[in-house]
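# quick one: sequence plus predicted model below, questions after.
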Amino acid sequence: MSSDGRTARRTERQLNLVIALSSTRRWLTKEQIRTAVPQYADCATTSAFERMFERDKEDLRELGVPLMTGGEDPLFGDEAGYRIDRDAYALPEITFTPGELAVLSLASRVWQQASLAGPATRALVKLRSLGVEPDEGSLVGLEPRVRTSEPAFDALYTAARDRVAVSFDYRRSGAEPGTRTVEPWAVVSWHGRWYLLGHDRDRQAPRVFRLSRVVSGVRRVGRPGAYAVPADLDARAVVAGSVGERVSRPARVRLRAGAGLALRRRGRSVAAAEPLPAGWDLLEVEVGDTEPAADELASFGADVVVLDPPDLREAVLRRLRGVL
C-alpha cells in the first residue's frame, strides 16, 4: 500500500476512535473500543491491536485531543477505561459580526445535511450493542458531507481526492452524449452549480465539466495516485474563466391552476396567442442552464408543460420518458 493510502487509513481510524470516545460520557474499555472501531476489529491478534491503539493514543494527544484514562469507580480497581474530556475539547465561545454571520449562514446551507461516514456509523451501532448509549448530538460537525442533486458528485469528489482517473458519459449543450476520460483535479461550486476541473486525456488539455451534464455512472480507470495535480492550480479561477457569468433566458410554460407556486413567484403571466385549455395558465419564467432547469420543470410532472425553447422542452421530455 502507498504511503498516501496508509496515511488515509490511519486518519480514518483515528477519526473513528475520536467519534467512539466522544459519543458517550461513559468510560470505554479497550475491548469495547476494539469492537466499535472497524479497523481495530480487523486486527488479527490482540498484540497487534494493542500496538495500534497505543500509537493512536499518542498521536491524538500530540494533536491536542484530551484523551483521558480512568474508570467508573477507581476505589474498586475497575478495568481502565478511556474517554475524551468533552468540556476541554469544545471550542470557547465565539462571537461574530453580522457580516460574518451572514457568510456562515450561506455556508451552512452546504453543510446542513452533515452525516457520519459508514465506518463511524457502524461504530455507533456497535456501541449500542455493547450497552453504551451514544450521545450523537456531540458529534455534529466531526465529519460533514456535502449533499448535492448531481448523482456524479460523490464519485468525482472521491476520485479527485484519490487522484484516480475516471471515465463517464457527458452531454454537451445541444449534442449527443460522448465518453470522456479525465484525471480529476478538483470539484468546484460556482454560481450555485458544481463543476469538475481536470485533465482530459482524449484532448490532452485541461477541461471543465458541469456535473449536471454527466449522464452515466462514473467509472474509475487505473490506480489511485497515478497523476499529479498542478501545484499552482487555482481551481475556482479556472472554472470562473471557463464558465463565465450565469446567463438566463425566458421559457414559456403552461401551468395547471393552483400548481407550481415556486414558478409563479418568479415568473409572470403572459397572454396566449390561442385560447388555453380550461384550468391552465401561461407563464414566462427565467431559466439558466438547460439541464438543471429541465430537472426542476420535470419535477412538476403533469402540472407543467414546457412550450419553448425547444431544447428545454426536449430535455424535459427526455426525463419524463425515462420515468416511464
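Thanks, I have the structure now.

# quick one, what contacts the closest residue to Leu156 other than its chain neighbours?
When the adjacent residues along the chain are set aside, Leu156 lies closest to Leu196, with 5.2 Å between them (C-beta to C-beta, 6 or more residues apart in numbering). Where you see a C-beta, it was placed from the backbone N, CA and C, and this is true even at glycine. For Leu196, the residues meeting the contact criterion (C-beta atoms under 8 Å, 6 or more residues apart in numbering) are 156, 160, 182, 184, 186-188, 208-209, 211.

# in which helix or strand does Leu196 reside?
Taking DSSP states H and E as the criterion, the element that holds Leu196 is strand 193-200.

# quick one: mean pLDDT for the longest helix seen in the chain?
The helix spanning the most residues in the chain, taking DSSP state H as the definition, is helix 3-22. Model confidence over helix 3-22, given as mean pLDDT, is 78.

# which strands and helices sit next to it?
Here helix 3-22 is seen to pack against helix 30-36, helix 38-41, helix 46-62, strand 81-84, helix 118-129 when contacts are counted using 3 or more C-beta pairs under 8 Å, 6 or more residues apart in numbering; DSSP states H and E.

# restricting to C-alpha, output the fourth one in CSV.
Extracted in CSV, the C-alpha atoms of strand 81-84 (Å, rounded to 0.1, in the frame of the first residue of the first chain):
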residue,chain,number,x,y,z
GLY,A,81,-11.4,2.9,30.5
TYR,A,82,-10.9,5.8,28.1
ARG,A,83,-12.9,8.8,27.0
ILE,A,84,-12.5,12.3,25.7
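
# packing partners for it?
In terms of contacts (3+ C-beta pairs under 8 Å, 6+ apart), strand 81-84 is packed against helix 3-22, strand 67-70.

# then the second one?
Judged by 3+ C-beta pairs under 8 Å, 6+ apart, the packing partners of helix 38-41 are helix 3-22, helix 30-36, helix 46-62, helix 118-129.

# ranking those helices by burial, who's on top?
Of the helices and strands packed on helix 38-41, the one with the most neighbours on average (mean count of other C-beta atoms under 10 Å) is helix 30-36, at a mean of 20.

# rounded mean pLDDT for that one, please.
Within the predicted structure, the mean pLDDT of helix 30-36 is 87.

# one step back: closest one of the contacts of Leu196 to Ala251?
Sorting the contacts of Leu196 by how near they are to Ala251, with C-beta to C-beta, puts Leu211 at the top with 21.9 Å.

# picking that back up, and the helices and strands packed on helix 38-41 as JSON lines, adding distance to Ala302?
What follows is these, written out as JSON lines (distance: least, C-beta to C-beta, whole Å):
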{"stretch": "helix 3-22", "distance to Ala302": "46"}
{"stretch": "helix 30-36", "distance to Ala302": "50"}
{"stretch": "helix 46-62", "distance to Ala302": "56"}
{"stretch": "helix 118-129", "distance to Ala302": "38"}
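
# and of these, who's closest to Arg256?
Of all the helices and strands packed on helix 38-41, helix 118-129 sits nearest to Arg256, with 41.8 Å by C-beta to C-beta.

# past that closest one, which element shows up next along the chain?
If you walk from helix 118-129 toward the C-terminus, the next helix or strand you reach (DSSP H and E) is helix 153-162.
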